[in-house]
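> Quick check, what structure comes out for this input:
(one chain, ligands or ions: 1)
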Amino acid sequence: MNPEIINVNINKKINKSSYPIFVGNNLLIQAGELLKKYINNKKLIVIHDDFFSINKSTNSHFDRFIQSIKKEAASVNLMAISGGDKTKTMSQLTNILESVLSFDIDRDTLLIAFGGGVVGDIAGFASSILLRGIDFIQIPTTLLSQVDSSVGGKTGVNGSLGKNLIGTFHQPLAVIADTSILKTLPRRELRAGFAEVIKYGLIKDKSFFIWLEDNFEKILNLNDISLNKVIITSCSIKSDIIQDDEKEIGKRALLNLGHTFGHAIESIGNYDKKIIHGEAVAIGICMAFSFSKKLGFCLESEVERVKALFKKSGLPTAIKDIPNLLFSSDEMFDKFKYDKKTRNNKLTFILNNKIGESFIKKDVNTEIIKNFLTEEI
Ligand code: GLY
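Below you'll find the predicted structure:
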């Protein structure tokens, strides 16, 4: 099958760099051909989620991928790491760096990240600092990483004070989003990725949001045509936003809808499996809509409509939906100072006028947000 291709033109005004996202079904088997010009007989290091070496139903995808790229490479070395946000740390990064160096790499060595968001973020970060920066390719294997984290070049690890506080911007050479691998994904991970998909409709495409309302069952049942549309639309919206603002000076912050609340929840939860990133984002988006309503920007009916889609998709919409996650409004407020949008102690939130229209609200009044948190928690 021929893939559809979305070209991400970073810094398009100065025509700096562009890279393809290949989207389609059963693409990993032809990865060597798709990536031929990048691999170009180079030494490859594949950093992959250990899920693919442990789990029998998934390793056939991985094996086929490795066989395909071997045909184009000088050599292929594999390194398994565990996924999950709890392992997205400086100490795991150090282990990765030392292990990659032990393969006698040089600046032509190409690193490939094969896994979900955590693997992509940490392997991407490693590639950005090894030998002062080597090239890398993203093979996202979860819905969340296919529609969001593998695209746009944000790499990094969590700090002890907050999520993704240490990292770089380092764009991949190419991305392959193969929908067939999503069939191996645990249901919970699939639903969590769907939260980021809904986010795109809410930020700037109401007709996509309506289509998601009508088609969420097909998507969560892994219908290929629906999945293709989901990935193409999400990546196109993301690419459109980041190509003018790679380093998040301005509108890229819109992609953070729900993330100020969401990251705070994940950080307080200590990146435990009781809440995973997409679930925290789902709650965070519902909070962002409720907060928008509190400030007079959007209608109660819109808040309810957003919550209804998350609920129908099996996602949480409020902190109380997560068992054993207890914290105070003060604890949550304290986490906001580590949000990367915070400047000079002034808080910024992504809010909505309505479904399909997010905006950046700077200098949010501290007493109002504190009061809102007291009502919500
Ligand atoms: N995930 C948000 C961004 O890439 O900016």
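
> which residues does the most centrally placed residue in the chain contact?
Nearest to the mean C-alpha position of the chain, by Cα atoms, centre = their mean, lies S149 at 2.8 Å. Taking Cβ atoms under 8 Å, 6 or more residues apart in numbering as the criterion, S149 is in contact with 116-117, 120-121, 140. Using the backbone N, CA and C atoms, a C-beta is placed for each residue, glycine as well.

> Any stretches of the chain with poor pLDDT?
Scanning the chain for pLDDT under 70 picks out the ranges 12-16, 54-58.

> what separates the closest residue to the ligand within the stretch 1-150 of the chain from K154, distance-wise?
Per Cβ to the nearest ligand atom, D148 is where the stretch 1-150 of the chain lies closest to the ligand, at 5.0 Å. Taking Cβ to Cβ, to the nearest Å as the criterion, D148 is separated from K154 by 9 Å.

> Could you do N371 as well?
From N371 over to K154 (counting by Cβ to Cβ), the distance is 32 Å.

> Please say which of those two ends up with more neighbours.
Set N371 next to K154 and count neighbours by other Cβ atoms under 10 Å: K154 wins out with 25 against 13.

> That one touches F125, doesn't it?
No. Counting by Cβ atoms under 8 Å, K154 stays clear of F125, with 9.4 Å between them.

> Quick check on I360: phi, psi?
phi -90, psi 120 (degrees, to the nearest 10).

> Then I10?
According to degrees, to the nearest 10, I10 has phi -70, psi 140.

> swap in E376?
phi -80, psi -30.

> How about L27?
The phi/psi pair for L27 (degrees, to the nearest 10) is phi -90, psi -20.

> That one: neighbour count?
Neighbour number of L27 under other Cβ under 10 Å is 23.

> OK, contacts around it?
Contacts for L27 (Cβ under 8 Å, 6+ apart) come out as 1, 3, 34, 176-178, 180.

> Please apply the same query to R187.
Taking Cβ under 8 Å, 6+ apart as the test, what R187 contacts is 220, 314.

> Output the set of residues of this structure in proximity to the ligand.
Counting by Cβ under 6 Å from any ligand atom, the positions of the chain adjacent to the ligand are 148, 152, 154, 252, 255.

> of all those, which two lie farthest apart?
The widest separation within these, taken as Cβ to Cβ, falls between D148 and R252 and amounts to 12.3 Å.

> Surely P323 is in contact with D272?
No. Look at P323 against D272 with Cβ under 8 Å: they stay out of range, at 11.7 Å.

> So for those two, which residue has more residues nearby?
D272 (14 against 8).

> any idea what sits nearest that one, other than its immediate chain neighbours?
Excluding its sequence neighbours, the residue lying closest to D272 (Cβ to Cβ, 6 or more residues apart in numbering) is K86, at 6.9 Å.

> right, and that neighbour touches Y271 too?
Yes. With contacts counted by Cβ under 8 Å, K86 reaches Y271, the gap being 4.4 Å.

> what about the two, which has more around it?
Neighbour totals were compared for K86 and Y271, and Y271 leads with 21 against 14 (other Cβ under 10 Å).

> Tell me who's in contact with A174.
A174 makes contacts with 19-22, 34-35, 38, 137-138, as judged by Cβ under 8 Å, 6+ apart.

> This completes my enquiry, with thanks.
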